[in-house]
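Visitor: turn this into a structure:
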Amino acid sequence: MEHSAETKKRRIFASLYEAFRRANDAVFYTDAAGVILEVNDAFTRVYGYTAKEAVGGTPRLLRSSHSTKDMYEKMWSSILDPRRGYWRGELINRAKDGREIPILLTITAVRDTDGQILGYVSNGLDMSEQMQLQSRLAQSEALANLGEMAAVVAHEIRNPLGSIVMAARQLGSDDLPNEDKETVLRVLRSESQRLNAVLTNFLAYARPRGLQLSRGDLNALAREVCGMAKSNPALIGNVSIRLKFDKGLEPFPMDADQLRQVLWNIVLNGIQAMEGRGIMTVSTGRTHGDAWIRIHDSGPGIAEESVGQIFKPFHTTKQQGTGLGLAIADRIVKAHGGRITIESELGKGAAFVVSLPAAQE
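Guide: Sure thing, here's the model as predicted:
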């Protein structure tokens, strides 16, 4: 009976070794000191080292310049923790010929019955093909977005440009009465501003700039943006803006210029949604370490099917507009590590809540 059990055990070990050797993933085994004792066929295929070259060495021969000390500290903290005993993550290894290979890596500590570490098993999935597919997909999506952007640009530029050309012709005409010149000049100014706004939005979306963080006051920023809106009679109409600020909200790291653009886009959309009459309430506060600003309008609200689309580029319900304002706002807030949420009920208005990490360190 014992002989039969021993034979069965040897067969199991032989099967496991065969599985190790023929696995599609690059696998190697080290002792407790990190010296490589065995590699499989996929290891030699992926990294270009022969078994003779790898055995007796350490995993350092695979380390690339992308591997940081901080990453390895977290890795080993996870592996050596008896409650976890492994680490899984993505990194970039280096092959013998210098190629950089993206790897989904799992390293597991092998322990005896007493919990002592005997060695480590490293299992690496070559992600090169998947990364190439993702890159091609991203390029296809970028080209599709570029085509859509070109169509929207052409449409949004053609209209104001046509008005500007017509106004310029009228100004150059000797038959234009003096009393009509001011009207034509007003058209030139408004359409030029519209054209500039369109191009500014497209450039902001196509070439986003990095954050320039410094301590900023969210209350002051909101007051400034609301003041800009109030100072424009043609925009504000009979809309009333009410401010409810948390006076205890302290300054925190932010890119004030970019967040000003975020708040302006949301305030502008809210005022336009109310079509010249209604109440906008702008409030601030802090919850669980996040600072937030809530901008609520008393407009018609946002249809449920539009809420999920509202931050997508080129999505707009306006007759004029590129549909980029909220897409840019969403990207800026995400770059800060924050989020924008929407609260809406048809007939009762909509609220945009911008939440931002407000760590004081």
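Visitor: helix or strand for residue 330, which one?
Guide: Secondary structure assignment for residue 330, by DSSP states H and E: helix 325-335.
Visitor: can you tell me the strand partners of the helix or strand just after that helix and which way each runs?
Guide: Toward the C-terminus, helix 325-335 is succeeded by strand 339-344 as the next helix or strand (DSSP H and E). When pairs are called by DSSP bridges, strand 339-344 turns out to pair with strand 350-357 (antiparallel).
Visitor: list of residues touching the strand it pairs with?
Guide: Strand 350-357 has contacts (CB atoms under 8 Å, 6 or more residues apart in numbering) with 218, 252, 254, 259, 262-263, 266, 270, 273, 287, 289-297, 299, 301-302, 333, 336-344. C-beta: built from backbone N, CA, C; applies to glycine.
Visitor: how is this structure divided into domains?
Guide: Domains of the chain are assigned by automatic domain parsing as 2-126, 132-206, 214-357.
Visitor: pLDDT on the second one, on average?
Guide: The reference is to domain 132-206. Domain 132-206 carries an average pLDDT of 74.
Visitor: low pLDDT regions in this structure?
Guide: 1-3, 138, 142-156, 201, 204-206, 313-323, 359-361 (pLDDT under 70).
Visitor: let me see the ranges of the strands in it.
Guide: Remark: strands assigned in the chain by DSSP state E are 26-31, 36-39, 86-94, 100-111, 117-126, 214-216, 238-244, 252-254, 277-287, 290-297, 339-344, 350-357.
Visitor: now the ones you listed as a markdown table including mean neighbour count and distance to residue 5?
Guide: Below are the strands of the chain laid out as a markdown table (neighbours: other CB atoms under 10 Å; distance: least, CB to CB, whole Å):
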| stretch | mean neighbour count | distance to residue 5 |
| --- | --- | --- |
| strand 26-31 | 20 | 25 |
| strand 36-39 | 20 | 26 |
| strand 86-94 | 16 | 30 |
| strand 100-111 | 18 | 22 |
| strand 117-126 | 18 | 22 |
| strand 214-216 | 13 | 70 |
| strand 238-244 | 14 | 76 |
| strand 252-254 | 21 | 65 |
| strand 277-287 | 17 | 62 |
| strand 290-297 | 21 | 60 |
| strand 339-344 | 16 | 59 |
| strand 350-357 | 21 | 59 |
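Visitor: go ahead and confirm residue 96 touches residue 45.
Guide: No. Between residue 96 and residue 45 there is no contact under CB atoms under 8 Å: 11.4 Å.
Visitor: comparing the two, which residue is more hemmed in?
Guide: Ranked by neighbour count (other CB atoms under 10 Å), residue 96 and residue 45 place residue 96 first, with 14 against 11.
Visitor: burial count for the residue lying closest to the more buried one once chain neighbours are set aside?
Guide: Leaving aside its sequence neighbours, residue 96 sits nearest to residue 48 (CB to CB, 6 or more residues apart in numbering; 3.6 Å). When neighbours are defined as other CB under 10 Å, residue 48 has 15 of them.
Visitor: how about the one 5 residues further on?
Guide: The burial count assigned to residue 53 is 15, neighbours taken as other CB under 10 Å.
Visitor: nearest residue to it other than its sequence neighbours?
Guide: residue 96 (7.7 Å).
Visitor: contacting residues around that neighbour?
Guide: By CB under 8 Å, 6+ apart, the residues touching residue 96 are 47-49, 53.
Visitor: which of those residues fall in helices?
Guide: Judged by DSSP state H, helices contain the following of the contacts of residue 96: 47, 53.
Visitor: okay, the domains of the chain, which one's buried deepest?
Guide: Of the domains of the chain, the one with the most neighbours on average (mean count of other CB atoms under 10 Å) is domain 214-357, at a mean of 17.
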